[in-house]
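*Asks:* Dropping the sequence and predicted coords here.
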2 protein chains.
Amino acid sequence: MELTVAPPLPAPSTQASHVYDRLREDLLSGRLAPSRKLQMRFLTETYQTGQTPLREALNRLTADGLVEVREQRGFYVKDVSRAELAELTKTRCWVEALALRESMAASTPAWEEQVVLAQHRLSRVPRSLSATAFEDNPEWEKLHRIYHRALIGQCGSQSLIAFCGQLADQLYRYRRLSISKAFPSRHVGDEHAAITEAVLSGDSDLAVKRLTAHYQRTADVILQDETIFPELRREPARS
Amino acid sequence: MELTVAPPLPAPSTQASHVYDRLREDLLSGRLAPSRKLQMRFLTETYQTGQTPLREALNRLTADGLVEVREQRGFYVKDVSRAELAELTKTRCWVEALALRESMAASTPAWEEQVVLAQHRLSRVPRSLSATAFEDNPEWEKLHRIYHRALIGQCGSQSLIAFCGQLADQLYRYRRLSISKAFPSRHVGDEHAAITEAVLSGDSDLAVKRLTAHYQRTADVILQDETIFPELRREPARS
DNA sequence: ATTCCAGAAAATCTATAAATTTTTGTTGCT
DNA sequence: AGCAACAAAAATTTATAGATTTTCTGGAAT
């Protein structure tokens, strides 16, 4: 007799999901530039699929805040602005502070272990694929995401976690769009370690302070990046 | 020479938006019962429209948390449960507390006037269309929504406000599904007045306390409603 | 000569219908 | 009784037709 695991979810693969994943990646990476018009013809040719799955994917991405839809005049890549970056960061700090406090209030050994494990794994992977120039390491990004997800994972609210995920996605796009010249100067690994330490010590005020500072510092760097905000070109830093 | 206002946005009306509105109303009212399967054939016949606008509407409603989609096996009306009701309420209390505090911290005379005005208008409309039995008054619901929206409107985060709106929608459906026997016993008007008073006095702790109590009380009533949670039928209140 | 407006053509989005693929339910066989 | 193959139903996708918006060209007025 053979014990085969009952197929829990065979293979939830629809064309729409595939296009969604690919589009999402291209949006986050910046290959699809902000405020660019997403024409059906271009999309069907690029992604080799029909209109229906594309519309489905675009609608989901609109809900994620990565795509904008104007009635009867098509889909557009969501534009970026310094104001939106500031607002998203502010909101993320507020909401994740809330979620982290609630997680710590409902702390369990299993949860603390998850946080420790996620941070350890993250620390073992290089931030950049290249030692000289910055080159995005997908593995690091994945683990980074898991770590921050773990921090708020004990808060007890699926909808709150999902909202944090949306904010994280939108801000991640800003990070990718920015060249991040400040890459070598920061020690994000130390920042994560400091957050983890505060979480384990049970000092929620300190943990929240470090977490929000972490986010704010990232935003401050991007806010000064000329490559994403050309309006900074002239008068770089006037008082 | 004639000064004509440039046409701002002619009339953005698509079939998809219409179906979205109608479906939304039917979902919130309970005419489409929880966990019911939404078959394309039924929907096209009922709403007299094609599949494309319907899929678009259903996708938006999925993002709103009113519809659930299972890959390759169709759309379903989101199921209800006591656990979800409790979690949604908890989340709403957390997030709106946050938003209210930030609104009060950024208070302006104009905003306070908006709150006062919204509360006044709400107070002038009857909660129920019938004096004897409870009959939902759409006008009251609309003004109620505007009032709660006004409370958090000064927080300075569009995304946070939108998130609160989603939570409000999902919880509104629970309210409509429940018969609300406790209708005459509560004085929601007084509760709103008390919240407004606390907001105007600048006492954010008190305002938050009253607001969250307001939401919690509503949830507690619905949590005991047998008509929506049949599992309560036996052993109504065991200790 | 330049600018502004009007009309027509092109492009593009929205919607309906048909075809393909997957899932589900049933019947027959081992 | 259990399993497999078959048939029906339903979802997803492709293709086609209909509307709307945008763009381009030409002419008139400043």
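*Replies:* Noted; the coordinates are in hand.
*Asks:* Spell out which residues of chain A are next to DNA strand C.
*Replies:* A:10-11, A:37-41, A:51-52, A:71-75 (C-beta under 7 Å from any atom of the strand). Quick note: C-beta positions are derived from backbone N, CA and C, even for glycine.
*Asks:* restrict those to those near chain B?
*Replies:* Among these, the residues that sit close to chain B (C-beta under 8 Å from any C-beta of the partner chain) are A:52, A:71-72.
*Asks:* nearest to A:S123, of these?
*Replies:* Using C-beta to C-beta, the shortest approach to A:S123 within those belongs to A:T52, at 44.1 Å.
*Asks:* so that closest one is in which element?
*Replies:* helix A:51-63 (DSSP states H and E).
*Asks:* Does that helix reach DNA strand D?
*Replies:* Yes. Legend: contact between helix A:51-63 and DNA strand D by C-beta under 7 Å from any atom of the strand is shown at A:51-53, A:56.
*Asks:* which helices and strands does that helix pack with?
*Replies:* helix A:15-29, helix A:40-47, strand A:67-69, helix B:51-64 (3 or more C-beta pairs under 8 Å, 6 or more residues apart in numbering or on different chains; DSSP states H and E).
*Asks:* Looking at the ones you listed, which is nearest to A:D205?
*Replies:* helix A:15-29 (32.8 Å).
*Asks:* Where is the longest helix in chain A?
*Replies:* helix A:82-105 (DSSP state H).
*Asks:* Pull the residues that contact the host helix or strand of A:H192.
*Replies:* Counting by DSSP H and E, the element that carries A:H192 is helix A:188-201. With C-beta atoms under 8 Å, 6 or more residues apart in numbering or on different chains as the test, helix A:188-201 has contacts from A:100, A:104, A:112, A:115-116, A:119, A:122-123, A:127, A:147, A:151, A:206-207, A:209-211, A:213-214, A:217.
*Asks:* Drop anything exposed from those residues.
*Replies:* Buried members of those, counted by 16 or more other C-beta atoms under 10 Å in any protein chain shown: A:100, A:104, A:112, A:115, A:119, A:122, A:127, A:147, A:151, A:207, A:210-211, A:214.
*Asks:* and which of those is nearest DNA strand C?
*Replies:* Using C-beta to the nearest atom of the strand, A:Y147 is the member of the buried ones among the contacts of helix A:188-201 that sits closest to DNA strand C, with 33.6 Å.
*Asks:* Surely A:V125 and A:W140 touch.
*Replies:* Yes. Assessed by C-beta atoms under 8 Å, A:V125 is found in contact with A:W140 at 4.9 Å.
*Asks:* if you count what's nearby, which of the two comes out ahead?
*Replies:* The neighbour count for A:V125 versus A:W140, taken as other C-beta atoms under 10 Å in any protein chain shown, is higher for A:W140 (17 against 14).
*Asks:* so where's chain A shaky on pLDDT?
*Replies:* Applying pLDDT under 70 to chain A flags the ranges A:1-12, A:180-185, A:234-239.
*Asks:* if you set the cut-off to 90 instead, what comes out?
*Replies:* Low-confidence segments of chain A, defined by pLDDT under 90: A:1-17, A:40-41, A:50-53, A:71-74, A:127-136, A:179-188, A:226-227, A:230-239.
*Asks:* Domains in it, by residue range?
*Replies:* A:15-77, A:82-223 (automatic domain parsing).
*Asks:* Any idea which of those domains gets closest to B:E45?
*Replies:* domain A:15-77 (20.1 Å).
*Asks:* got the end-to-end distance for that closest one?
*Replies:* Domain A:15-77 has an end-to-end distance of 21 Å (C-alpha to C-alpha, to the nearest Å).
*Asks:* now it, how far from the centre of its chain.
*Replies:* Averaged C-alpha coordinates place domain A:15-77 at 18 Å from its chain's average position (C-alpha atoms, centre = their mean, to the nearest Å).
*Asks:* One more: stretch A:127-134?
*Replies:* Distance, centroid of stretch A:127-134 to centroid of chain: 20 Å (C-alpha atoms, centre = their mean).
*Asks:* Mind checking which of the residues of chain A next to DNA strand C are buried?
*Replies:* Going by neighbour count (16+ other C-beta under 10 Å), those have A:38, A:75 buried.
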